[in-house]
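Peer 1: this is a predicted model, with the sequence first.
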There are 2 protein chains.
Amino acid sequence: MDITNQQVRLAARPNGVPDESNWELTSEPVPDPGDGQVTVKILMLSLDPAMRGWMTDVPSYLPPVEIGDVMRAGALGQVIASRHPDYSEGDHVVGVLGAQEYAVADGAGLTKVDANLAPLPTFLGALGMTGLTAYFGLLEIGQAKEGDTVVVSGAAGAVGSVAGQIAKIKGCRAIGIAGGVDKCRFAVEELGFDAAIDYKADDVARALQREAPDGIDVYFDNVGGDILDAALANLAMRARVVICGAISQYNEDRMRGPSNYMMLLVRRARMEGFLVFDFVSKYQDAVAELASWLRAGKLKAREDVVDGGISAFPATFPRLFRGENVGKLVLKVGEPA
Amino acid sequence: MDITNQQVRLAARPNGVPDESNWELTSEPVPDPGDGQVTVKILMLSLDPAMRGWMTDVPSYLPPVEIGDVMRAGALGQVIASRHPDYSEGDHVVGVLGAQEYAVADGAGLTKVDANLAPLPTFLGALGMTGLTAYFGLLEIGQAKEGDTVVVSGAAGAVGSVAGQIAKIKGCRAIGIAGGVDKCRFAVEELGFDAAIDYKADDVARALQREAPDGIDVYFDNVGGDILDAALANLAMRARVVICGAISQYNEDRMRGPSNYMMLLVRRARMEGFLVFDFVSKYQDAVAELASWLRAGKLKAREDVVDGGISAFPATFPRLFRGENVGKLVLKVGEPA
């Protein structure tokens, strides 16, 4: 094709919070789709804390992005050329398409979405991997049930904001932990959390004791560090600690483990990690349920869309680690065809 | 009664490993049993790492022992006077009778044992709380099943030595971690572990990679610290980490948490704590099974009996933290009546 594809490639592995020096912007022609392939124009990128892990050269659940490769990223786009029977020009799709303006894909890992159902950014947020992560983490790993006290860290963030709302929908008491008055107000007033704790101003362990005097039944952790320790100190008997992320630790040289982990013994509790990909067979039902909650107004989708184009990727990504986003951070990279 | 009861009382809370300064030896007359009570002559005390926790003034699964109180301790003894219909003079009983020579008890928490079944110290070890802890930790919390690779730390210790043997009985591959060549040899040659790693000489993470190349399905942890981190780095998918103890950390000012806890996410694993008391309704069946394994020679009970009398308690207890005991540490405090 006679179009240029601008791409963000990993130039150097980061120390601490990634900055411009970690990226190289390159461009190449957009290839035509081969047999069985489609070419997708990417409209927006999902910016996720997990991407920080993919930049590091250590074994994990996915291989690291190699130096010189296009950065791995979830994306939403529109098919502009198709040689695949299941996809037509104009179809909206999501998938791990990379930090670039165009992608060629063979259909594996692509999911069509109905753009009439919700605003496009929502398919990367509440109706995308983010929403599914909150859904399966809270309900399958956390086994949250009516009457439980659920505490969610990163409560104003992408996953946390959905997890807390699902907790409320399921009849739990939902307590959020977030940084700053505005995020706490957002969690309570916009999202309907029963309470929110500002970790920048409050002693979190003491605040949890106050807000969850009978202990925490499910702690959904997105942050790690001191906040995880504060939650462990306040577990109820047989509590479930859901390890979804540890954003406070991703930019540290050495992860700090939870000093209070022996509370798992004291309270006969468990701590369990998961990845949303493990639940792929249940995605369809979960998305249907999330969509029904959205339609009914029980679940509010909130995205923080930066309209900067692909070249704004290096400056936008670190906002995650400075706690600047409210809701799902999305980078707009193209206009619908 | 006209007998003197020597007792070990908590004199001061410890910093680091407890020593003589933490204890006061006192004596008082042995009281006669009241209505519904028995007087027990204690023959031997169970010395357990958990007792270190009970000496500290922090909330836990049991209230701390108060300064001036007789130290809480499991014990085996013989009824010497009974005003309880279920107990007769001469009966052997186990229970939490305290670090003393005689105890008066009302029957709650006492369990009669058949001294013909096994040598008396075994009722504090493989047929006591120790064996039950290994049994429920491995099978209920760890869900160990045939073909699993099971790693046990403190493998030559009281609980670990039983846990590894149960793993073998259940058709698992059992790998022990212990300190020193002698303990490792004991684990493999006497107890039948498939392999043992000497944490004082080996790089444990690397040794686990070698001995468990497909990863650890169940990690039974008695020690915490670096060894827990090494195990976390080598988990198999959907592994179970059983938190039974953390002896490497009990004498530290501040517990160190496992830096590698995010491996729970990478491997979709869980870490769970438990207390043997939670399984009281299943004790009887478990003891019957443990006893049958003992009789069949499939399970070897090993106790490290110190014949020192009650006054040897202060000097004997810290042996646990210096790794000096092989098998269950028992302090003999009296002769059968």
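Peer 2: Done, it's in. Residues are numbered from 1 along each chain as shown, chains lettered A, B, ... in the order given.

Peer 1: for the stretch 201-337 of chain A, which segments count as helices?
Peer 2: A:204-211, A:225-232, A:263-266, A:283-295, A:313-316 (DSSP state H, counting those that start in this stretch).

Peer 1: what is the second one packed up against?
Peer 2: Spelled out, that is helix A:225-232. Contacts defined by 3 or more C-beta pairs under 8 Å, 6 or more residues apart in numbering or on different chains; DSSP states H and E place helix A:225-232 against strand A:149-153, helix A:204-211, strand A:216-221, strand A:235-243. From N, CA and C alone the C-beta is placed, and that goes for glycine too.

Peer 1: show me what whatever helix or strand comes next after the shortest one is packed against.
Peer 2: Beyond strand A:149-153 in the direction of the C-terminus, DSSP states H and E gives the next helix or strand as helix A:158-169. In terms of contacts (3+ C-beta pairs under 8 Å, 6+ apart), helix A:158-169 is packed against helix A:129-136, strand A:149-153, strand A:173-178, strand A:216-221, helix A:283-295, strand A:328-332.

Peer 1: go through these and name the closest to chain B.
Peer 2: strand A:216-221 (10.0 Å; C-beta to the nearest C-beta).

Peer 1: let me see the mean pLDDT of the closest one.
Peer 2: Averaging the model's pLDDT scores along strand A:216-221 yields 98.

Peer 1: CA atoms of that strand as CSV?
Peer 2: What follows is strand A:216-221 as a C-alpha-only set of coordinates in CSV (Å, rounded to 0.1, in the frame of the first residue of the first chain):
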residue,chain,number,x,y,z
ILE,A,216,-11.4,-7.6,54.2
ASP,A,217,-12.9,-10.6,52.5
VAL,A,218,-11.5,-9.9,49.0
TYR,A,219,-8.5,-7.6,48.4
PHE,A,220,-8.0,-6.9,44.7
ASP,A,221,-4.4,-5.6,44.4
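
Peer 1: direction included, what does it pair up with?
Peer 2: According to DSSP bridges, strand A:216-221 forms sheet pairs with strand A:149-153 (parallel), strand A:235-243 (parallel).

Peer 1: hmm, who's touching that strand?
Peer 2: Outside strand A:216-221, the residues that touch it by C-beta atoms under 8 Å, 6 or more residues apart in numbering or on different chains are A:134, A:137-138, A:142-144, A:148-153, A:160, A:163, A:167, A:172, A:175, A:208, A:227-228, A:231-232, A:234-236, A:238-246.

Peer 1: one more: stretch A:260-271?
Peer 2: Residues from elsewhere that reach stretch A:260-271 (C-beta under 8 Å, 6+ apart): A:215, A:229, A:232-233, A:235-241, A:243, B:59-61, B:224, B:243-246, B:249, B:255, B:257-258, B:261, B:264, B:270-275, B:278.

Peer 1: enumerate the residues of chain A near chain B.
Peer 2: A:60-61, A:224, A:229, A:243-246, A:249, A:254-275, A:278 (C-beta under 8 Å from any C-beta of the partner chain).

Peer 1: now intersect these with the strands, please.
Peer 2: Using DSSP state E, the subset of these located in strands is A:243, A:270-273.

Peer 1: using JSON lines, please lay out the residues you listed together with neighbour count.
Peer 2: Shown next, in JSON lines, are those (neighbours: other C-beta atoms under 10 Å in any protein chain shown):
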{"residue": "A:243", "neighbour count": "28"}
{"residue": "A:270", "neighbour count": "24"}
{"residue": "A:271", "neighbour count": "29"}
{"residue": "A:272", "neighbour count": "23"}
{"residue": "A:273", "neighbour count": "25"}
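
Peer 1: make CSV out of these and add distance to residue A:6.
Peer 2: Shown next, in CSV, are those (distance: C-beta to C-beta, whole Å):
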residue, distance to residue A:6
A:243, 36
A:270, 46
A:271, 42
A:272, 40
A:273, 35
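
Peer 1: the helices and strands packed on helix A:158-169: which one's closest to residue A:96?
Peer 2: Within these, the stretch nearest residue A:96 is helix A:129-136; the backing value is 9.2 Å (C-beta to C-beta).

Peer 1: tell me the angle of that closest one relative to strand A:149-153?
Peer 2: Counting by axes from the mean of the first three to the mean of the last three C-alpha atoms, to 10 degrees, helix A:129-136 lies at 150 degrees to strand A:149-153.

Peer 1: cheers, nothing more for now.
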